[in-house]
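J.: Coordinates for the following, if possible.
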Amino acid sequence: MLSNIGRSLSLFRGSSGSLTLTQVTRACSSLLTDSSRGLVLYSQSTDIYENLSLEDWIEANVDLQQRNILLLWRNRPAVVIGRHQNPWKECNLSLMRHSVITLARRRSGGGTVFHDLGNLNMTFFASKKAYDRQRNLKVITEALKRLRPGLEVEATKRFDIFLKGRYKISGSASRISRKSSYHHCTLLHSADHSALSTVFRSSCQGLHSNATPSVPSPVANLMDYDPTLQWKELLDGLADQYSAEFGVNSAKNLVNPADDSAFPGLGRAAAELRGWDWVFGKTPKFSVQTLLKMTDNCSSVDHSAQLCLEVKSGVIENCHLDVPIGWLPQSLSSKLSGVLEGERFCPQRIAASFAVLLRCESGELQNRLQRLCDAILAVMG
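T.: Model prediction:
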């Protein structure tokens, strides 16, 4: 079922009659430009950057005026923020680094979502004129009702899908260009509950931003309410319902976005999405105003410093650091502020700069400076 792409594959069969992965992918790529009314594609990649780039490649390279496409895809653990969101506000970056959870920024708007192999992503491609998010969500809800009538799923006016009227199992976002569109949404099948409950906590203290905020909701997995619903049944049910709704062939075609010969330029696009300049540098301007707590080892007395930062495009434009003169010389506080200004709001980069400054000091002054530096780094997550 997953690799049935019909007679077009005969053009890519070797003398043995077997098909390589590259041949399958190229066959599917050629199908994107034929005259069929629509396709169901299944990405073989679990890399969030490759799959996001595959969406953009299809939207940019396929004539969607007379054709509908459904792309099904899954990813290794990742947090995906909307185009206009602030990652420091939306998620716990330090926890994600420790847990090897990738951060990605998509090109569509909307809120932050968690992806892992227990979450199914669906992208509905159509012309701008045929863009209809409610119709797309109907495909999902009708498929689930056919598969498991007792699940009680309904789409909302906010383009979410709720289970039992309470638990969110799907969220949506979209991108509309001059002639075409895509609408993508999640579907929680068996995602990691512990990750879902911990990654969506801000890692930055005192952050103030006008970036698009996420709207939190209680979530659940389909498997929580029906453990018998397996992946193959779910995928087949969605493909069949999509076929019935849009009048296309329900066979799911395997595609490999890592094959640059099948999808020219996709590798470069994925590299751009991986880069710091896109993931963090596209963050709308924000500020940080917070108190830093430090303890003096000699007197065991707590001291506070005021930190005020202005950050634009992920880079610290202005820094004001107010440290009690009796705890640290003002000249040293000024040097610390100078290190921060013009640097990325990134703990790894700033830690390296702090290390250079710390090597110039010794004794208790170095210890105090170290604690202040640690407090600043903790703010950044």
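
J.: List the buried residues in stretch 175-190.
T.: Using 16 or more other Cβ atoms under 10 Å as the test for burial, stretch 175-190 gives 175, 180-190. The way it works is simple: take the backbone N, C-alpha and C, and place the C-beta from them, glycine included.

J.: and which of those residues is nearest to residue 145?
T.: Using Cβ to Cβ, residue 187 comes nearest to residue 145 of the buried residues of stretch 175-190, at 13.8 Å.

J.: Now that closest one. Nearest residue, chain neighbours left out?
T.: Spatial nearest neighbour of residue 187, excluding adjacent residues (Cβ to Cβ, 6 or more residues apart in numbering): residue 120 at 4.4 Å.

J.: quick check, the one you found in a strand?
T.: Yes - remark: residue 120 belongs to a strand, assigned using DSSP: H, G, I helix; E, B strand; the rest coil.

J.: residue contacts, it?
T.: With contacts defined as Cβ atoms under 8 Å, 6 or more residues apart in numbering, residue 120 is in contact with 72-74, 186-187, 189, 234-235, 238.

J.: at 7 Å what do you get?
T.: By Cβ atoms under 7 Å, 6 or more residues apart in numbering, the residues touching residue 120 are 72, 74, 187, 189.

J.: Alpha carbons of stretch 353-366, in CSV - could you do that?
T.: What follows is stretch 353-366, C-alpha atoms only, in CSV (Å, rounded to 0.1, in the frame of the first residue of the first chain):
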residue,chain,number,x,y,z
SER,A,353,33.1,35.3,25.4
PHE,A,354,32.6,35.3,29.1
ALA,A,355,35.5,32.8,29.5
VAL,A,356,37.9,35.3,27.9
LEU,A,357,36.9,38.0,30.4
LEU,A,358,37.1,35.6,33.4
ARG,A,359,40.7,34.6,32.5
CYS,A,360,41.7,38.3,33.2
GLU,A,361,40.6,38.1,36.8
SER,A,362,41.5,36.0,39.9
GLY,A,363,40.5,35.3,43.4
GLU,A,364,37.2,36.4,44.9
LEU,A,365,36.6,38.9,42.1
GLN,A,366,36.8,36.1,39.5
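
J.: what's the most distant pair in the buried residues of stretch 175-190?
T.: Going by Cβ to Cβ, the pair spanning those furthest: 180 and 190, at 32.4 Å.

J.: where's the residue minimising distance to the centre of the chain, which helix or strand?
T.: Nearest to the mean C-alpha position of the chain, by Cα atoms, centre = their mean, lies residue 80 at 1.4 Å. Secondary structure from DSSP states H and E places residue 80 in strand 78-81.

J.: Which elements pack onto the helix or strand that that strand is followed by?
T.: Downstream of strand 78-81, the first helix or strand assigned by DSSP H and E is helix 87-90. Contact analysis of helix 87-90 by 3 or more Cβ pairs under 7 Å, 6 or more residues apart in numbering; DSSP states H and E lists strand 207-209 as its packing neighbours.

J.: Would you mind listing the buried residues in the following helix or strand past the strand it packs on?
T.: As assigned by DSSP H and E, the chain's next helix or strand after strand 207-209 is helix 222-225. Buried residues in helix 222-225, counted by 16+ other Cβ under 10 Å: 222-223, 225.

J.: circling back: let me know the pLDDT of the residue nearest to residue 187.
T.: pLDDT recorded at residue 120 is 98.

J.: so how far is residue 71 from it?
T.: 11 Å (Cβ to Cβ, to the nearest Å).

J.: again, but for residue 271
T.: 21 Å.

J.: These two: who's more crowded?
T.: Using other Cβ atoms under 10 Å, the more surrounded residue of residue 271 and residue 71 is residue 71, with 23 against 12.

J.: Report the secondary structure state of the more buried one.
T.: strand.

J.: Let me know how buried the residue nearest to residue 79 when sequence neighbours are not counted is, in neighbour terms.
T.: Leaving aside its sequence neighbours, residue 79 sits nearest to residue 91 (Cβ to Cβ, 6+ apart; 5.0 Å). Residue 91 has 27 neighbouring residues, counting by other Cβ under 10 Å.

J.: you'd agree residue 91 is up against residue 198?
T.: No - if you go by Cβ atoms under 7 Å, residue 91 and residue 198 don't touch, sitting 9.6 Å apart.

J.: where along the stretch 101-250 of the chain do the strands fall?
T.: With strands called from DSSP state E, counting those that start in this stretch, the stretch 101-250 of the chain shows them at 102-105, 113-115, 119-127, 153-155, 161-163, 167-170, 172-176, 180-188, 207-209.

J.: deepest of those, which one?
T.: Ranked by mean neighbour count, the strands of the stretch 101-250 of the chain are led by strand 113-115 with a mean of 25 (mean count of other Cβ atoms under 10 Å).

J.: ok, the contacts of residue 120 vs residue 376, which is closest?
T.: Distances from residue 376 to the contacts of residue 120, taken by Cβ to Cβ, are shortest for residue 74, at 38.0 Å.

J.: In contact with the closest residue to that closest one other than its chain neighbours: list those residues for me.
T.: Spatial nearest neighbour of residue 74, chain neighbours left out: residue 117 (5.4 Å); criterion: Cβ to Cβ, 6+ apart. Counting by Cβ under 7 Å, 6+ apart, residue 117 makes contact with 46, 74, 76.
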